[in-house]
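1. Whatever this is, show me its structure:
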Amino acid sequence: IVLPMAGILLILGSRLKLIREAATLLVKYERPFGPSTDKVAVSEATGDVPFVSLHVPAYSEPPDLVIETISSLLHQDYAPERFEVVLVDNNTEEESMWRPVEKWSNEWNRAHPNGPVMNFVHVPKLAGAKGGALNRCREIMSAKTEFVGVFDADYVVKANFLEDLVPAFQASSRLAFIQT
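-> Numbering: from 1, shown residues only. I've put the predicted structure just below:
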């Protein structure tokens, strides 16, 4: 799936096949400014909140910038065992651009064995630019994934991002994506 990358795009994982139809469907989720009053619903079947996979495609980005982005994603006010971050660095030739991110990701996983998991993959040759990287993210993401978030490598989110947006998907079966 090739997706436009302006800000953030959140897609309900089980509805990925509906993206074409969703592009023509106008569904507006409105809430007052300020913190969300909606709460993430817990599944009756599992007793868990939905599993979310956050995807970041990267190409020749400054390591400090990428680390700031993934750090903001990993520090969500959301059950740490119920989300992951998947970063695919594609076609970056200069090792000094991606090795520090790889090292930081490995250190994060050692320090946080109970999650969230930080999946870092460097692919030296990958066709498709951002779309190719996002397709690789989909191949890597957890099989438990119910929601997918896509982020530019230079986008920092607030800690309440998932807590604010996941309820919107749970509230509407017609909602396939949100761009913020």
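2. quick one: what helix or strand has residue 150 in it?
-> strand 147-151 (DSSP states H and E).
3. same thing with residue 159?
-> Using DSSP H and E, residue 159 maps to neither a helix nor a strand.
4. What of residue 104?
-> Assigned by DSSP H and E, residue 104 belongs to helix 95-111.
5. Please enumerate residues in contact with that helix?
-> If you take C-beta atoms under 8 Å, 6 or more residues apart in numbering as the criterion, helix 95-111 is touched by 58, 60-63, 66-67, 70, 74, 87, 89, 92, 117-120, 122. (Glycine included, C-beta is placed from N, CA and C.)
6. Report the buried residues of the very next helix or strand once past it.
-> Next in sequence after helix 95-111, counting helices and strands by DSSP H and E, comes strand 117-123. By neighbour count with 16 or more other C-beta atoms under 10 Å, strand 117-123 contains the buried residues 117, 118, 119, 120, 121, 122.
7. Tell me which helix or strand in this protein has the weakest average pLDDT.
-> Every helix and strand in the chain was compared by mean pLDDT, DSSP states H and E; the lowest is helix 19-24, with a mean of 36.
8. Quick check: next helix or strand after that helix?
-> Using DSSP H and E, the helix or strand that follows helix 19-24 in sequence is strand 52-58.
9. so the helix or strand following that following strand versus strand 117-123, what angle?
-> Per DSSP H and E, strand 52-58 leads on to helix 63-74 as the next helix or strand towards the C-terminus. Put simply, helix 63-74 runs at 140 degrees to strand 117-123, going by axes from the mean of the first three to the mean of the last three C-alpha atoms, to 10 degrees.
10. which residues touch the most centrally placed residue in the chain?
-> Closest residue to the average C-alpha location of the chain: residue 54 at 1.6 Å, with C-alpha atoms, centre = their mean. Residue 54 makes contact with 73, 83, 84, 85, 86, 148, 149, 150, 151, according to C-beta under 8 Å, 6+ apart.
11. Kindly report the same for residue 170.
-> Taking C-beta under 8 Å, 6+ apart as the test, what residue 170 contacts is 40, 41, 50.
12. 7 Å - rerun?
-> Taking C-beta atoms under 7 Å, 6 or more residues apart in numbering, we find residue 170 in contact with residue 41.
13. now it, what's its secondary structure?
-> Following DSSP: H, G, I helix; E, B strand; the rest coil, residue 170 is assigned to helix.
14. any low-confidence regions in this structure?
-> Segments of the chain classed as low confidence (criterion: pLDDT under 70) are 1-38, 43-46.
15. mind redoing it with 50?
-> Within the chain, the segments meeting pLDDT under 50 span 1-35.
16. List the buried residues in stretch 149-161.
-> Within stretch 149-161, the residues scored as buried using 16+ other C-beta under 10 Å are 149, 150, 151, 152, 153, 155, 157, 161.
17. Which pair in these has the greatest spatial separation?
-> Maximum pairwise distance among the buried residues of stretch 149-161 (C-beta to C-beta): 16.0 Å, between 153 and 161.
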